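> Fold the following and give me the result.
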Amino acid sequence: MPKDVQDIARHDPLTFRKPDPTDGAAIWDLVRQCKPLDENSMYCNLVQADHFRDTCVVAERDGQILGWISGHMIPNEDALFIWQVAVSPAARGLGLGRRMLTHLLGRPDCATARCLNTTITRDNDASWGLFRSLARHLGGQLSDDPHYTRHAHFDGRHATEHMVTITLPADAIHARAA
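Numbering: from 1, shown residues only. Below is the predicted model of the structure:
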């Protein structure tokens, strides 16, 4: 295990919490450290932390944000959409991405989710690994299909985003609702 990961693992435990609008700049800085994530504007992260705080999560230790997930419930669907998962290089190797996703699925605001959706480009091995690991951990079924395509949606400027769906097992859904 790398020394910086050992240092984090030895210190106080991580805290998972809803973001606050004042976290916007720190979230933006974190996302910029996490290639190949798209860098949205700082204002975008501020709005996510404010308007969608119930379906987003930050992981912090000693006031430092080490992880971030932005998400929202898809209107008129029983699906939680995960927009971005960012883990600080200093916190990689701790299973933080999966821990944040599991925490988020356990929140009352996500209790109606029957599935989890995200989009991933084919070359983002870290994201594929994370969501496959989550599906195995939850006992869910993972599927994917091209969704936002390079030419139809991105005018050739961005790789095709595949819609990844993890169908949550019924027993996990009932456990969260209880």
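
> When you work out contacts or count neighbours from here on, use the C-alpha atoms and nothing else.
Fine.

> Quick check: which ranges of the chain have low pLDDT?
1-12, 172-178 (pLDDT under 70).

> if you count residues, which helix in it comes out on top?
helix 125-138 (DSSP state H).

> by contact count, what packs against that helix?
helix 96-105, strand 141-148 (3 or more Cα pairs under 8 Å, 6 or more residues apart in numbering; DSSP states H and E).

> quick one: the last one to helix 125-138, angle?
If I follow you right, that is strand 141-148. If you take axes from the mean of the first three to the mean of the last three Cα atoms, to 10 degrees, strand 141-148 sits at 150 degrees to helix 125-138.

> Use 7 as the first number for this chain going forward.
I'll keep to 7 as the first residue from here, and by that count the last item is strand 147-154.

> And the contacts of strand 147-154?
125, 138, 141, 160, 166-175 (Cα atoms under 8 Å, 6 or more residues apart in numbering).

> Kindly reformat those as JSON lines containing secondary structure.
Below are the contacts of strand 147-154 laid out as JSON lines (DSSP: H, G, I helix; E, B strand; the rest coil):
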{"residue": "Thr125", "secondary structure": "strand"}
{"residue": "Arg138", "secondary structure": "helix"}
{"residue": "Ala141", "secondary structure": "helix"}
{"residue": "Phe160", "secondary structure": "coil"}
{"residue": "Thr166", "secondary structure": "coil"}
{"residue": "Glu167", "secondary structure": "strand"}
{"residue": "His168", "secondary structure": "strand"}
{"residue": "Met169", "secondary structure": "strand"}
{"residue": "Val170", "secondary structure": "strand"}
{"residue": "Thr171", "secondary structure": "strand"}
{"residue": "Ile172", "secondary structure": "strand"}
{"residue": "Thr173", "secondary structure": "strand"}
{"residue": "Leu174", "secondary structure": "coil"}
{"residue": "Pro175", "secondary structure": "coil"}
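
> PyMOL command for the buried members of the residues you listed?
The PyMOL command for the buried members of the contacts of strand 147-154 (criterion: 16 or more other Cα atoms under 10 Å) is given here:
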select buried, resi 125+138+141+166+167+168+169+170+171+172+173+174
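
> The helix or strand in which Glu66 is found: partners in the sheet, and parallel or antiparallel?
If you go by DSSP states H and E, Glu66 is part of strand 63-67. In the sheet, strand 63-67 lines up against strand 21-23 (antiparallel), strand 70-79 (antiparallel) (DSSP bridges).

> Tell me which of those sits most buried.
strand 70-79 (a mean of 22; mean count of other Cα atoms under 10 Å).
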